[in-house]
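[1] Got a predicted model here, sequence first, then my questions.
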Amino acid sequence: LRVLGLLGASDMDIANAILYAAQLANGSGAIPGERADIVNLSLGGPGFSQTVQDAVTDAYNAGLVIVAAAGNNDSNVAFYPAAGTHVISVSAVDLVSAKAPYSNFHSTVDLAAPGGDLSADLNGDGYPDGVLSTLVDDAGSSAEFVYQYYQGTSMAAPHVSGIAALMLAVDPLLTPAEIEAILESTATDLGPAGHDDVFGNGLVNAYQAVALAAGGTAGGPAIGLTTHTLGFGTSTTTLDVQIANIGGGLLSVSSVTPTTDDGANWLTATAIPDPTPTTTDTQAVRVTVSRSGLSDGVYVGTVEVDSDGGTATIQVSIVKSSGSQAVDVDLFVLAVEYPSFTTAGQDIVNPTGSLSYEIGQLLAGDYIIIVGSDVDDDGFICDEGEPYCGIFPTLDQPLVVTVEYNETISGLDLVVSGTFTGASAGAPFGRKFRLIR
């Protein structure tokens, strides 16, 4: 059910959609032939609405599971409807199960789930660590179904909704309260022991939740990792990989063994014990790298984690780069409307100072983020003869950024090419971009 338009939605729009999904009387005057089992609300804001809460309560009492995004403001302010009654509030974690930089945190958070982080590529696969999502590209003469990387608690909440659907598939008689209780009791605890404001009751565990919903056990212990690949890039030195028991019983980790392909001692790894073990005696593996004494280049290795639930391997890569002195050149960061390519916002940074940028208020819509120099002062970047050009997240993999109404987006880091020679050498979308003057 679509409730959000170009300028967002009213509380009444959201409430009526919830009631319609629950097969209850609503403002449309229509009742569906079959009610929904789960409502996912990847929307919200800081203001409480009694209208929406009443609809949520009625839907919950009618047997619906209500899941909502905790918000993307990196704030501890209550975010509704996620913070309301009868709602499973979902925060977001990144590839290594750390708090996503944008994710809200609050006492009402119930669970954490993967939300992505477009500013990072921790597995080194050449793509930003977003959640691959489906959407429709209607820029051409006909609509085309495409995939796009996104980030947000709006991506995290559907993970929980999907797991709830799997639970109902194995036991259709589960109540909303029972589903929430199973999801929370089987979650992998993150952060401080027990419930906390950042992760709630922990990272949702699909295997354990569905196994428990089916009325059985998950058998013997089986090791699971939140990621099997870590890319440390040029500067990161320490990353944690969370361990989960995706089987039954208590998982016991016996050893953690780092190995480098070149035989050098730049890679270390240690097991972090779980202070209150329930499903596993080890909370995470902490992987640390040192570039000291290495020549410039790319280095790879592995960390092998042995347990009574099997062996898991983490692939590790680092980059050693001596770097060079910062160049004194103004770089223009543009927010360009897509697909019209009209420049809607701009900031200026210089490598000799801060490279942090901030673009002011934008209308809700789709944008690409472009950066480049204008050394010839012709009012355009990424055109013929310009030495610097970049696009979020990379020149060869540009992504469209969707800005919702009243949304703040951070962490959109760009890589600037210092060998760019103009449009004929592969400018983004094969064009130049106009500055605001």
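    Here it is on my side, so go on.

[2] pLDDT below threshold where in the chain?
    Where the chain drops to pLDDT under 70, the residues are 216-218, 323-326, 384-385, 396-397, 417-430.

[3] okay, now the domains of it?
    Taking automatic domain parsing as the reference, the chain has its domains at 11-120+149-213, 223-320, 331-434.

[4] any idea which helix is longest in this structure?
    When the chain is parsed with DSSP state H, its longest helix is helix 153-170.

[5] Now do the helix or strand following that one and helix 153-170, the angle between them.
    Next along the chain after helix 153-170, taking DSSP states H and E as the criterion, comes helix 176-185. Orientation note: helix 176-185 sits at an angle of 110 degrees relative to helix 153-170 (axes from the mean of the first three to the mean of the last three Cα atoms, to 10 degrees).

[6] which residues are contacting helix 176-185?
    By Cβ atoms under 8 Å, 6 or more residues apart in numbering, the surrounding residues in contact with helix 176-185 are 60, 63-66, 86, 88, 110-111, 160, 163-164, 167-168, 174, 200-202, 204, 209, 212-213. In short, each C-beta sits where N, CA and C put it, glycine included.

[7] try it again with 6 Å
    With Cβ atoms under 6 Å, 6 or more residues apart in numbering as the test, helix 176-185 has contacts from Tyr60, Val65, Ile88, Ala164, Met167, Asn201, Ala209, Leu212, Ala213.

[8] If the second one is in a bridge, with which residues?
    When bridges are taken as DSSP bridges, the partners of Val65 come out as Ile38.

[9] With respect to Asp308, which of the contacts of helix 176-185 is nearest?
    For the contacts of helix 176-185, the residue nearest Asp308 by Cβ to Cβ is Leu212; the value is 21.0 Å.

[10] Identify the residue nearest that closest one in space, chain neighbours excluded?
    Ile182 (5.2 Å; Cβ to Cβ, 6 or more residues apart in numbering).

[11] How about Val170?
    Of all residues not flanking Val170 in the chain, Ala214 sits nearest, at 4.2 Å (Cβ to Cβ, 6+ apart).

[12] tell me the contacts of the most centrally placed residue in the chain?
    Centre of the chain computed as the mean C-alpha position; nearest residue by Cα atoms, centre = their mean is Gly116, 1.7 Å away. Going by Cβ under 6 Å, 6+ apart, Gly116 touches Asp129, Gly130, Val131, Gln151, Met155.

[13] and with 10 Å instead?
    For Gly116, the contacting residues are 92-95, 100, 102, 128-133, 149-152, 155-156, by Cβ atoms under 10 Å, 6 or more residues apart in numbering.

[14] taking these one by one, which sit in helices?
    Among the contacts of Gly116, the ones falling in helices (DSSP H) are Met155, Ala156.

[15] among the contacts of Gly116, which ones are buried?
    Among the contacts of Gly116, those buried by neighbour count (16 or more other Cβ atoms under 10 Å) are 92-95, 100, 102, 128-131, 133, 149-152, 155-156.

[16] all helices for this protein, in order.
    For the chain, the helices defined by DSSP H occupy 11-21, 50-61, 153-170, 176-185, 206-213.

[17] Show me which positions of the third one end up buried.
    To tie it back to what came earlier, the one meant is helix 153-170. Buried residues in helix 153-170 (16+ other Cβ under 10 Å): 153-165, 167-168.

[18] What angle do helix 206-213 and that helix make with each other?
    Counting by the same axes, to 10 degrees, helix 153-170 lies at 30 degrees to helix 206-213.

[19] Keeping just the C-alphas, turn helix 153-170 into CSV.
    Extracted in CSV, the C-alpha atoms of helix 153-170 (Å, rounded to 0.1, in the frame of the first residue of the first chain):
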residue,chain,number,x,y,z
THR,A,153,16.4,1.8,9.1
SER,A,154,13.8,1.7,6.3
MET,A,155,16.0,-1.1,4.9
ALA,A,156,16.4,-2.8,8.3
ALA,A,157,12.7,-3.0,9.2
PRO,A,158,11.8,-5.2,6.2
HIS,A,159,14.4,-7.8,7.3
VAL,A,160,12.4,-8.2,10.5
SER,A,161,9.1,-8.2,8.6
GLY,A,162,10.3,-10.9,6.3
ILE,A,163,11.5,-13.1,9.1
ALA,A,164,8.1,-12.6,10.8
ALA,A,165,6.5,-13.8,7.5
LEU,A,166,8.7,-17.0,7.6
MET,A,167,7.6,-17.6,11.2
LEU,A,168,4.0,-17.4,10.2
ALA,A,169,4.6,-19.8,7.3
VAL,A,170,5.7,-22.5,9.7
